[in-house]
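In: Could you work out the structure for the sequence below:
(2 chains)
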Amino acid sequence: MAALLDVSDVTLRYKTSSAVVTATERVSFTVDRSDRFVLLGPSGCGKSTLLKAVGGYMTPSEGKMRISGREISEPGADRMMIFQEFDQLLPWKTVLENVMFPLLMTRRLPRKEAEARARAYIEKVSLTRVVDAYPHTLSGGMKQRVAIARGMAMEPDILLMDEPFAALDALTRRTCQDELLQLWAETKFTVLFVTHSIAEAIKIGNRILLLSPHPGRVKAEVIDVDQVSGEDGSAARLEKQIHDLLFADAVTAH
Amino acid sequence: MGEARILLRDAADASAIIPAEVERKLTMLELLWNDGFVRKSVIIIFLAAAWEIYGTILNNPLLFPTFHDTILTMFDKVRDGTIPLRAWASLKVLFMGYAAGIILAAIFTILAISTRIGTDFLETITAMFNPLPAIALLPLALIWFGLGNGSLVFVLIHSVLWPVALNTHSGFKSVSNTLRMVGRNYGLRGLPYVARILIPAAFGSILTGLKIGWAFAWRTLIAAELVFGVSSGQGGLGWFIFENRNLLDIPAVFAGLLTVIVIGLIVENLIFRTIERNTVQKWGTQS
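Out: Okay, here's the model as predicted:
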């Protein structure tokens, strides 16, 4: 079976006012259907840039990216982005309207069916209570759950999550992680998840791609991450191993 | 190794305590005072009283008529239809100029956000024309468009276009990158992108621009009518003020000025406030 997302030898460069910065260099990986694929690395490893490129917001200077066999050239609703920022919800629309918005804009569904589907996904993230509320009345965690419902309601090929829980407090972050895993167990969607937290990567992912910084290169890929568990201490051991691997050259380089 | 213990507070104990005052209803007076409209009305009543007292002390209706004289004259002039007719004449011209100015501002800003040279064009031209008082163009407009509504509409467009374009453009520029990316994620581009993402996201700034534009247009119009008001036999409020000054009917002059103020207040506090309450305040993007 061909991979759902195929990133091969991708080099990403972006211009600042004074220089051209190489964010990632010759990065390759593939994501299969129903993977929970995590991009993990310290800041400066280009993981967010990589996600934006998959989202279609950047064109690679070298290499190719394909989703379901189609080359990625521009943003599209087959790859729904979920951002870290709370202001990703449209403040002038209620929760329901926010979830319906992409369904209507892409003419995926007529209004009635869009509303039914939006309500179903809002219920999945257990926000039925605030379905008619405006985003500014919600807490940070609720906003992120609305964004997740909005992304999932489109039933995209892949969900792209850019550190969606990084701005949440520790307790809410945990609840959101658990909820995401539960949603995954129900619908088995494919997700590409960016984080800088090793613990979060182990908790969320079944595969982890480790990136090293300046410029971002693939350092290792961790597979069968869902085999480890917190109870027997194997998760803690994996966390230690990944930590040592990521920070090994930080000691030698400086 | 020791172990931490969790001590549960006895629930039976807690129920014995008299519940603290969690919520207290505000008294009627407090509720009234919390209403901005009530507070502002009090200020207006106070100002009217001061006016009445000063007018009575001065006792010179030719220089400064009292408040009740002005109100009576205004009442008369409203009843015989002079003021409504004049106000309507002014407002008609105002709407034409305001609408035309907004349409032009929309075209300018859409050009400005789609190309870099458009941005440069808008920034340069607003920097040039925004500080230029619209009334200063009136002599020129009179030569170009003659003694008629054409000249008035021209200066009105000038007074509306720049503040609206400037505020809309800076509103568009300050739309967060996340929202832009969200819009593009759904494949929105071109005019639908502007209409669905940029305009609602920048609505607070756009509304500010519209309010400033309205205020500029209203005062420009009255001033322009004072300079030359008679167009096609029917002048506006500015001309009404000028005419009555020539007749030394000072209470009528005051009544005219008061009408200008009242219309300004109505538009600001009724129309714009209602729009604000139903948009930016409801969305929590502006308090």
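
In: Tell me the helix or strand right after the helix or strand encompassing residue B:154.
Out: Here residue B:154, judged by DSSP states H and E, is contained in helix B:149-173. Remark: after helix B:149-173, the chain's next helix or strand is helix B:177-185, criterion DSSP H and E.

In: avg pLDDT for that next one?
Out: Averaged over helix B:177-185, pLDDT sits at 91.

In: residues near residue 114, how many?
Out: This is for chain A. 20 (other C-beta atoms under 10 Å in any protein chain shown). (C-beta placed from N, C-alpha, C; glycine too.)

In: Not quite, go with chain B.
Out: Residue B:114, neighbours per other C-beta under 10 Å, totals 13.

In: you'd agree residue B:118 is up against residue B:107?
Out: No - between residue B:118 and residue B:107 no contact is recorded; they are 10.3 Å apart, counting by C-beta atoms under 8 Å.

In: Those two: which has the busier surroundings?
Out: residue B:118 (16 against 12).

In: And what about that one, helix, strand or coil?
Out: Classification of residue B:118 using DSSP: H, G, I helix; E, B strand; the rest coil returns helix.

In: number of nearby residues for the closest residue to it other than its chain neighbours?
Out: Spatial nearest neighbour of residue B:118, excluding adjacent residues (C-beta to C-beta, 6 or more residues apart in numbering or on different chains): residue B:111 at 4.0 Å. As a burial measure, residue B:111 scores 14 neighbours (other C-beta under 10 Å).

In: helix, strand or coil for the closest residue to chain B within the stretch 101-250 of chain A?
Out: For the stretch 101-250 of chain A, the residue closest to chain B is residue A:136, as judged by C-beta to the nearest C-beta, at 2.7 Å. Following three-state DSSP, residue A:136 is assigned to helix.

In: got a list of what the residue nearest to it when sequence neighbours are not counted touches?
Out: What sits nearest to residue A:136 in space, not counting adjacent residues and going by C-beta to C-beta, 6+ apart, is residue B:284, at 2.7 Å. Applying C-beta atoms under 8 Å, 6 or more residues apart in numbering or on different chains, we find residue B:284 in contact with A:91, A:134, A:135, A:136, A:137.

In: cool, residue B:101 as well?
Out: Taking C-beta under 8 Å, 6+ apart, one finds B:156, B:157, B:158, B:159, B:160, B:161, B:164, B:213, B:217 in contact with residue B:101.

In: quick one: low-confidence parts of the chain?
Out: All of this refers to chain A. Applying pLDDT under 70 to chain A flags the ranges A:1, A:249-254.

In: My question was about chain B, not that one.
Out: Ranges of chain B meeting pLDDT under 70: B:1, B:10-20, B:229-234, B:287.

In: For the most centrally placed residue in chain A, list each beta-bridge partner.
Out: The residue lying closest to the centre of chain A (C-alpha atoms, centre = their mean) is residue A:161, at 1.9 Å. In this entry, residue A:161 is beta-bridged to residue A:82, residue A:193, by DSSP bridges.

In: So it is in contact with residue A:193, correct?
Out: Yes - using C-beta under 8 Å, residue A:161 is in contact with residue A:193, at 4.7 Å.

In: a strand runs through residue B:238, doesn't it?
Out: No - Residue B:238 is assigned helix when assessed by three-state DSSP, not a strand.

In: check contacts around it.
Out: B:90, B:221, B:222, B:223, B:224, B:225, B:226, B:229.

In: and which of these is nearest to chain A?
Out: Nearest to chain A among these, with distances taken as C-beta to the nearest C-beta, is residue B:221, at 32.4 Å.

In: Pretty sure residue B:235 is one of the things that closest one touches, is it not?
Out: No - counting by C-beta under 8 Å, residue B:221 sits too far from residue B:235 to count as a contact (11.5 Å).

In: how about residue B:187, secondary structure?
Out: With three-state DSSP as the criterion, residue B:187 reads coil.

In: neighbours around it, how many?
Out: So residue B:187, with other C-beta under 10 Å, has 18 neighbours.

In: Which residues are in contact with it?
Out: A:75, A:76, A:77, A:105, A:106.

In: 10 Å instead?
Out: A:56, A:74, A:75, A:76, A:77, A:78, A:102, A:105, A:106, A:107, B:193 (C-beta atoms under 10 Å, 6 or more residues apart in numbering or on different chains).

In: Could you tell me how far residue A:108 is located from residue B:189?
Out: 17 Å (C-beta to C-beta, to the nearest Å).

In: my bad, should have said residue B:163
Out: 29 Å.

In: And the two? Which one has more around it.
Out: Taking neighbours as other C-beta under 10 Å, residue B:163 and residue B:189 compare with residue B:163 leading, 23 against 12.

In: Leaving out sequence neighbours, find the closest residue to the more buried one.
Out: residue B:212 (4.3 Å).

In: partners of the helix or strand in which residue A:66 is found in the sheet?
Out: In the assignment (DSSP H and E), residue A:66 maps to strand A:62-67. Here strand A:62-67 has these sheet partners by DSSP bridges: strand A:5-15 (antiparallel), strand A:70-71 (antiparallel).

In: So which of those strands is nearest residue B:181?
Out: Nearest to residue B:181, of all the strands paired with strand A:62-67, is strand A:5-15, at 14.7 Å by C-beta to C-beta.

In: Give me the distance between residue B:108 and residue B:214.
Out: 18 Å.

In: the helices in chain A, which residues?
Out: Applying DSSP state H to chain A gives helices spanning A:47-55, A:95-105, A:111-124, A:140-153, A:170-187, A:198-204, A:234-253.

In: other SSEs contacting the second one?
Out: Read it as helix A:95-105. Contacts defined by 3 or more C-beta pairs under 10 Å, 6 or more residues apart in numbering or on different chains; DSSP states H and E place helix A:95-105 against helix A:111-124, helix A:140-153, helix B:177-185.

In: contacting residues for residue A:99?
Out: Contacts of residue A:99 (C-beta under 10 Å, 6+ apart): A:89, A:93, A:114-115, A:117-122, A:125, A:127, A:131, A:146-154.
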